[in-house]
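# Sequence and computational prediction follow.
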Amino acid sequence: MKNILTIIFLLQFIIAFSQNIKIYHQKKGDTITYYTDNQEIYPVSFVFVHQPEVENMKSPEPFKMTQVFPPKSVKNKVASFIIIDDSKKWSIKKMPGYMTYIGDVTIKNFDSDYQYDLPFKTGKSFTVYQGYNGSFSHQNENSLDFTMPEGTEIVAAREGIVVDLVSNNNFSCPTRSCADKANYITILHPDGTFAQYYHLKQNGVKVNIGDQVKKGSVIGLSGNTGWSKGPHLHFVTYLSSTTADKLMKTVKTLFKTGNGTKAEYLAEKKTYSKNY
């Protein structure tokens, strides 16, 4: 009881991932429990840097160094501590700092056999200018660049929820210095993977954050914004990662091509038609 202010002050070092993430504690009897509310529309992963340090307290269960909290969830238990002897001094000396990540960083198994639709409308054909591990900007990255005129309608290659977007940029250059000038859409899929559609034209995003999009629905218009040498669509699917470059582990994706009866990994310099 006498140490409750110590706990309050210790909470000051905890920095929320966003205004929609809140960590707090409750005391009930001889037990102090830490909780988090995640009001984001996507899972959020917390990776703690060390174990909690306590005096005259014990935890009824092991403290997990990596914890994932579901979207739109409240009162998720982070840790709890029980006072061993209330007649003696007790304290939570140090709660660990942490890093936060969008998505579930613990996912190992995802639907690697899922067959994506080509990200453009039926009756169209486009060439993969740069493929997986391409020499220009895809080194060690499973991304695809489709050469296409500005204003081409882009469709969702897979169903999911829109979790991030930028639409106001109107600038490009062929160097990395322009990487943060791209317009894009990020969609979270049911298996926990994300897809990003990059280099969209200014005001070319046709969805809103929180929208549930269906496979094949129009989500934007292609453009030439950001790190780009010419009009094209950059498509990448990834899992959130604590260690990989850009904090994402990019994954290869199967696409239905031709009349839709065949699924394949797309290859650089080849042209693909969508007739389904």
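Perfect, I can see it now. Predicted model only: the values in this text are computed from it and were never measured.

# Report the mean confidence score over the strand or helix carrying residue 185.
Here residue 185 sits within strand 183-188, counting by DSSP states H and E. Confidence over strand 183-188, taken as the mean pLDDT, stands at 97.

# Following element in sequence after that strand, please.
As assigned by DSSP H and E, the chain's next helix or strand after strand 183-188 is strand 194-205.

# quick revisit: using PDB, list the CA coordinates for the strand holding residue 185.
Extracted in PDB, the C-alpha atoms of strand 183-188 (Å, rounded to 0.1, in the frame of the first residue of the first chain):
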ATOM      1  CA  ASN A 183       1.700   7.700 -51.800                       C
ATOM      2  CA  TYR A 184       0.600   4.200 -50.800                       C
ATOM      3  CA  ILE A 185      -2.000   1.900 -49.200                       C
ATOM      4  CA  THR A 186      -1.300  -0.800 -46.600                       C
ATOM      5  CA  ILE A 187      -3.800  -3.700 -46.200                       C
ATOM      6  CA  LEU A 188      -3.800  -6.300 -43.400                       C
END
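
# What residues of the one helix or strand residue 32 maps to count as buried?
Assigned by DSSP H and E, residue 32 falls within strand 31-38. Buried residues in strand 31-38, counting neighbours by 16 or more other Cβ atoms under 10 Å, are found at 32-38. Quick note: C-beta positions are derived from backbone N, CA and C, even for glycine.

# TSV for the residues you listed, including pLDDT and distance to residue 237?
Below are those laid out as TSV (pLDDT from 0 to 100; distance: Cβ to Cβ, whole Å):
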residue	pLDDT	distance to residue 237
32	94	42
33	96	38
34	95	34
35	95	33
36	94	28
37	95	29
38	95	23
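
# I'd like those residues written out as JSON lines, with distance to residue 70 added.
Shown next, in JSON lines, are these (distance: Cβ to Cβ, whole Å):
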{"residue": "32", "distance to residue 70": "23"}
{"residue": "33", "distance to residue 70": "18"}
{"residue": "34", "distance to residue 70": "17"}
{"residue": "35", "distance to residue 70": "13"}
{"residue": "36", "distance to residue 70": "11"}
{"residue": "37", "distance to residue 70": "11"}
{"residue": "38", "distance to residue 70": "7"}
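
# Point me to the helix or strand that includes residue 111.
Using DSSP H and E, no helix or strand contains residue 111.

# For it, the count of nearby residues, please.
By the criterion of other Cβ atoms under 10 Å, residue 111 has 12 neighbours.

# Name the nearest residue to it, ignoring sequence neighbours.
Closest residue to residue 111 apart from its sequence neighbours, by Cβ to Cβ, 6 or more residues apart in numbering: residue 191 at 4.5 Å.
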